[in-house]
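A.B. asks: no sequence on this one, just coordinates:
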């Protein structure tokens, strides 16, 4: 059952990701992106990361993609043909080569880890920050070993909030004028 | 047969490659940005898989931070794109060649 779910979800994610890239309409791309992120969330469930799956759906597939859709609908984005330049081809071949090398390396490096280790829902006392599916584990990790990054992440959110407000304020008029002169 | 770590890493790698292809091929800034998010999502999948198969929580906690940073980054990035659009009336990267001339 797990194997079937895994293959189903991975196929869904990959196909949706391909549609994100090769769809000419930006709105359709965004819809396929939601599907792909949902597939990744499903794979998080298969990996016993239930909290992360919920977070992925709420934050990514929910908030972030709604933001994307708003902006896409705000702008006029006409569908365009996808043109492939020589530089794209060179970069694509390079990326494919790197991917092949990575796949070969993976096949040699990780043949041993095929079985998922047994876990309990609640963290055990034996291993420091051992894997557990309960949300409590996240809280414990965030408030012990990752206390400083947690605080920094909070500050980052505050900074980004202020930054968005500053960026979306109306630009001063003199900037526009000098811009037009240069044009 | 249970899918092993390699299977998850393969999916993550493919997802990353597709996102990278999107960044290279597409000219619409918004779709490029979405493909970047796809690449980020692929790395989170790889991190959670490593975390699960090695029985430690660190990778999963890293993913928590990645999602936080991605949310902040998307908000700022989209604000920049909107500001750009207000000024240039386009979001196609091949038309945004103001620094070139």
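C.D. replies: Perfect, thanks for sending it. The structure presented is a predicted model; accordingly, all values stated were derived computationally and were not measured.
A.B. asks: And the residue most central in space within chain B, how far from chain A?
C.D. replies: Compute the mean C-alpha point of chain B, and by C-alpha atoms, centre = their mean the closest residue is residue B:37, 2.3 Å away. For residue B:37, the distance to chain A under the criterion C-beta to the nearest C-beta, to the nearest Å works out to 7 Å. The C-beta positions use only the backbone N, C-alpha and C, and glycine is treated the same way.
A.B. asks: which stretch of helix or strand covers that residue?
C.D. replies: Using DSSP states H and E, the secondary-structure element containing residue B:37 is helix B:29-54.
A.B. asks: all helices for chain B, in order.
C.D. replies: Using DSSP state H, the helices found in chain B span residues B:5-25, B:29-54, B:58-88.
A.B. asks: JSON lines please, covering those and showing mean pLDDT.
C.D. replies: What follows is the helices of chain B, written out as JSON lines (pLDDT from 0 to 100):
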{"stretch": "helix B:5-25", "mean pLDDT": "88"}
{"stretch": "helix B:29-54", "mean pLDDT": "93"}
{"stretch": "helix B:58-88", "mean pLDDT": "92"}
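A.B. asks: want to throw the ones you listed into TSV with distance to residue A:166?
C.D. replies: Output for the helices of chain B, formatted as TSV (distance: least, C-beta to C-beta, whole Å):
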stretch	distance to residue A:166
helix B:5-25	27
helix B:29-54	20
helix B:58-88	9
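A.B. asks: isn't residue A:106 right up against residue B:10?
C.D. replies: Yes: at 7.4 Å, residue A:106 counts as touching residue B:10 under the criterion of C-beta atoms under 8 Å.
A.B. asks: Without its sequence neighbours, what residue ends up closest to residue A:143?
C.D. replies: Sequence neighbours aside, residue A:150 is the residue nearest to residue A:143 in space, at 7.3 Å (criterion: C-beta to C-beta, 6 or more residues apart in numbering or on different chains).
A.B. asks: Point me to the helix or strand that includes the one you found.
C.D. replies: Mapping residue A:150 onto the secondary structure by DSSP H and E places it in helix A:147-167.
A.B. asks: That helix - contacts with which helices or strands?
C.D. replies: Here helix A:147-167 touches helix B:58-88, going by 3 or more C-beta pairs under 8 Å, 6 or more residues apart in numbering or on different chains; DSSP states H and E.
A.B. asks: which residues touch stretch B:55-69?
C.D. replies: Taking C-beta atoms under 8 Å, 6 or more residues apart in numbering or on different chains as the criterion, the residues outside stretch B:55-69 that touch it are A:49, A:52, A:55-56, A:59-60, A:117, A:119, A:123, A:127, A:129-132, A:137-138, A:141-142, A:145-146, A:149, A:153, A:156-157, B:40, B:43-44, B:47-48, B:50-52.
A.B. asks: If we use 7 Å, what do you get?
C.D. replies: Around stretch B:55-69, the neighbours that count as contacts under C-beta atoms under 7 Å, 6 or more residues apart in numbering or on different chains are A:49, A:52, A:55-56, A:59-60, A:117, A:119, A:129-131, A:137-138, A:141-142, A:146, A:149, A:153, A:156-157, B:40, B:44, B:47-48, B:50-51.
A.B. asks: Sort out which residues of that stretch are buried, please.
C.D. replies: For stretch B:55-69, burial by neighbour count (16 or more other C-beta atoms under 10 Å in any protein chain shown) applies to B:56-65, B:67-69.
A.B. asks: Okay then, goodbye and thanks.
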